[in-house]
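> build the 3D model from these lines:
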Amino acid sequence: MTDVLLTHGYFLYDDPHELAVMKPYPPLGLLYISSHLKARGYSVDLFDTTFARPAELEAHIQRMRPPVVGIYANLMTRGNVLRAMRAAKRAGSMVVLGGPDPANYLGEYLGRGADVVVVGEGEATLEDLLTGMPWSEVKGIAYLQDGQVVCTEARPMIADLDAQPFPDRAAIDQQRYVEVWRKHHGQGSVSLITARGCPYTCTWCSHAVFGYSHRRRSPANVVAEVEQIVDGYAPDLLWYADDVFTINHKWLFEYADLLERRGLRLPFETISREDRLNEHVVQTLARMGCSRLWIGAESGSQRVLDAMKRRTDAERVKAMVHLLQRHGISVGMFIMLGYEGEERADLQATVDFLKEAAPDSFLTTVAYPIKGTPYYAEVEDRVVAHRAWEDGSDRDLGVLGRHSPRYYSFATRWMVSEVALQRALRRGPGPRTYPRLARTWVSARVGRLGMLLTERERELA
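Alright, predicted model coming up:
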């Protein structure tokens, strides 16, 4: 008999945006919990929802009727998780939730039927729950008692990550992920993590699961997992899903040397920060096979970066982008608009920054306050929800008094088009490119004019 069913709420085929991108990865956190519990003798059923439909998950729960259903929830899967919770309760299962969203909304999830919310890492906590230990003695959980939320003592983070078994990729159709990537992008990709947690203090970033800890696996342990991945799935690409892959230079150099000695050189993508890059680090990344590095630049305005407590330098970001590109590494950037206190001059500084830095690609988002973050605390008295809690996410939270969504839509159009125009002009115009250049120029002007026309519009309830 199954001791626990593990699942999540991400359904690829119900997400138009992700269907356009088609770069799915499995839920590594659940795969770690599965391998941990199996190593302790528990029978685990893992239902991966990525390629399934909500009705299939509900039917599976009803058929299996597991004593415990553990569900991972993030801010993008809230509605689907609530639906899965209801199905589990109808099947008579105890519902245990984990992930960043339940940790930030204990009362909301518990009040809607969850029995327990895990706060922090889930492996040892779920193991304790499965033993039947009294909830009051289980560290790192929250539950309702007489209608009130009770939080137990915090659970210490796992100190020795090498002692944890590798993610239980055999429990899912990992090869299907590889093939979906290969079909749509010409390269099959597999994800892994080499560390847990981020010690940086960016005000908008959630630390609900790992806190501000940072714990690394040994280079040898990660290399052993890479060998297992290569032998089992033969991917063309790896995705290191660390928050800051190059944070520990000594570790990086040792890892690169060990990969080289084992004859492992797979192209990979990952994320880092400008302050954790230098000539030696970039040379090492290139030697390892890094094909693209993402940098959380966020803004070209140093004033905004300082307000975010990014502890990063806009001018040096540009230098690191150029350094990476000289070594053959493509650079992607994350840019955030609409942070508290941002003005038109800051947006102009970001456009100028992007033109000078010339990353190979960049993604934009409008700042939204995630509950539990310093940014949320700063604007909490002005936070407004544009959708019912059950139907939305923290992405649907606005901030009263800042520029309107229409303004930021125009600002994004201006930024993207202005930078695209600059990139095209650098490549050199030709007869075939003139129509495209004209359309891009018009789009940039429309965005700029729209900003001017909507500048006095403010976000309302």
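> show me where the stretch 251-400 of the chain has its strands.
268-272, 290-298, 330-337, 361-366, 383-385, 397-399 (DSSP state E, counting those that start in this stretch).
> following element in sequence after the helix or strand bottoming out on mean pLDDT in the chain, please.
For the chain, the helix or strand with the lowest mean confidence is helix 16-21, at a mean of 92 (criterion: mean pLDDT, DSSP states H and E). Scanning the chain past helix 16-21 towards its C-terminal end, the next helix or strand to appear is helix 28-39 (assignment: DSSP states H and E).
> quick check: mean pLDDT of that next one?
For helix 28-39, mean pLDDT is 98.
> how about that helix, which residues are buried there?
By 16 or more other CB atoms under 10 Å, the buried positions in helix 28-39 come out as 28-38. To be clear about C-beta, it is placed using only N, CA and C from the backbone, and glycine gets the same treatment.
> what does it contact?
Contact partners of helix 28-39, identified using CB atoms under 8 Å, 6 or more residues apart in numbering, comprise 3-4, 6-8, 44, 46, 70, 72, 98-99, 122-124, 126-127, 130, 164-169, 171-172, 191-193, 209, 241.
> filter those residues down to the buried ones.
For these, buried by 16+ other CB under 10 Å: 4, 6-8, 44, 46, 70, 72, 98-99, 122-124, 126-127, 130, 164, 166-169, 171-172, 191-193, 209, 241.
> what is the helix or strand harbouring residue 446 packed up against?
Per DSSP H and E: residue 446 is located in helix 434-454. Helix 434-454 sits against helix 405-427, with contacts defined as 3 or more CB pairs under 8 Å, 6 or more residues apart in numbering; DSSP states H and E.
> distance from the helix it packs on to the middle of the chain?
Its chain's C-alpha centre and that of helix 405-427 lie 25 Å apart, by CA atoms, centre = their mean, to the nearest Å.
> again with stretch 329-337
On CA atoms, centre = their mean, the centre of stretch 329-337 falls 14 Å from the chain's centre.
> send me that stretch as PDB with only the CA atoms.
What follows is stretch 329-337 as a C-alpha-only set of coordinates in PDB (Å, rounded to 0.1, in the frame of the first residue of the first chain):
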ATOM      1  CA  ILE A 329      28.700  32.900 -23.700                       C
ATOM      2  CA  SER A 330      25.300  34.200 -24.600                       C
ATOM      3  CA  VAL A 331      23.800  36.600 -21.900                       C
ATOM      4  CA  GLY A 332      20.200  36.800 -20.800                       C
ATOM      5  CA  MET A 333      18.900  39.400 -18.400                       C
ATOM      6  CA  PHE A 334      16.000  39.800 -16.100                       C
ATOM      7  CA  ILE A 335      14.600  43.400 -16.000                       C
ATOM      8  CA  MET A 336      11.900  44.600 -13.500                       C
ATOM      9  CA  LEU A 337       9.800  47.700 -14.000                       C
END
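> quick one, strands of the stretch 101-250 of the chain?
Here the stretch 101-250 of the chain has its strands, by DSSP E, counting those that start in this stretch, at 116-118, 141-145, 148-151, 189-192, 195-196, 215-216, 237-240.
> how about these in a markdown table, adding distance to residue 179?
What follows is the strands of the stretch 101-250 of the chain, written out as a markdown table (distance: least, CB to CB, whole Å):
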| stretch | distance to residue 179 |
| --- | --- |
| strand 116-118 | 33 |
| strand 141-145 | 38 |
| strand 148-151 | 43 |
| strand 189-192 | 11 |
| strand 195-196 | 28 |
| strand 215-216 | 31 |
| strand 237-240 | 13 |
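> for residue 378, find the nearest of those.
Proximity to residue 378, assessed across the strands of the stretch 101-250 of the chain by CB to CB, is greatest for strand 148-151 (23.9 Å).
> I'd like the mean pLDDT over the closest one, please.
Across strand 148-151, the average pLDDT comes to 98.
> so what does that strand touch, helix or strand wise?
Partner elements for strand 148-151 (3+ CB pairs under 8 Å, 6+ apart): helix 106-111, strand 141-145.
> what does stretch 246-265 contact?
Identification of contacts with stretch 246-265 by CB under 8 Å, 6+ apart yields 194-195, 199, 214, 216, 219-220, 222-223, 226-227, 230, 245, 272-273, 276-277, 280-281, 284-285, 287-289.
> ChimeraX command to pick out the buried ones of those?
A single ChimeraX command selects the buried members of the contacts of stretch 246-265 (16+ other CB under 10 Å):
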select :194,195,214,216,219,222,223,226,245,272,273,276,277,281,284,285,288,289
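> residues near the closest residue in space to residue 52 that isn't next to it in sequence, how many?
Setting aside the residues directly before and after it, residue 52 is nearest to residue 11 in space (CB to CB, 6 or more residues apart in numbering), at 6.6 Å. Residue 11 sits with 18 neighbouring residues when counted by other CB atoms under 10 Å.
> kindly report the same for residue 201.
Around residue 201 there are 13 residues (other CB under 10 Å).
> sorry, back to before: looking at the buried residues of helix 28-39, which is nearest residue 441?
residue 28 (43.5 Å).
> roughly how far does that closest one sit from residue 417?
Counting by CB to CB, to the nearest Å, the gap from residue 28 to residue 417 is 36 Å.
> got phi/psi on residue 160?
Backbone geometry at residue 160, expressed as degrees, to the nearest 10, gives phi -110, psi 90.
> burial check on it, number of neighbours?
10.
> gap between it and residue 122?
17 Å.
> next one: residue 80
From residue 80 to residue 122 the distance is 19 Å (CB to CB).
> from what I see, residue 294 and residue 274 are in contact.
No: using CB atoms under 8 Å, residue 294 is not in contact with residue 274, being 11.7 Å away.
> for stretch 356-364, measure first residue to last.
Stretch 356-364 has an end-to-end distance of 17 Å (criterion: CA to CA, to the nearest Å).
> next: stretch 257-265.
11 Å.
> go on, stretch 360-379?
Start-to-end span of stretch 360-379 (CA to CA) is 34 Å.
> buried set for it?
362, 364, 366-373, 375-376, 378-379.
> got the residues you listed as CSV, with distance to residue 300 and pLDDT columns?
Formatted as CSV, those follow (distance: CB to CB, whole Å; pLDDT from 0 to 100):
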residue, distance to residue 300, pLDDT
362, 11, 97
364, 12, 97
366, 16, 97
367, 15, 97
368, 20, 96
369, 22, 97
370, 23, 97
371, 28, 97
372, 28, 96
373, 22, 97
375, 19, 98
376, 24, 97
378, 22, 97
379, 22, 97
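> take the residues you listed and keep only those in helices.
When DSSP state H defines the helices, the subset of the buried residues of stretch 360-379 inside them is 375-376, 378-379.
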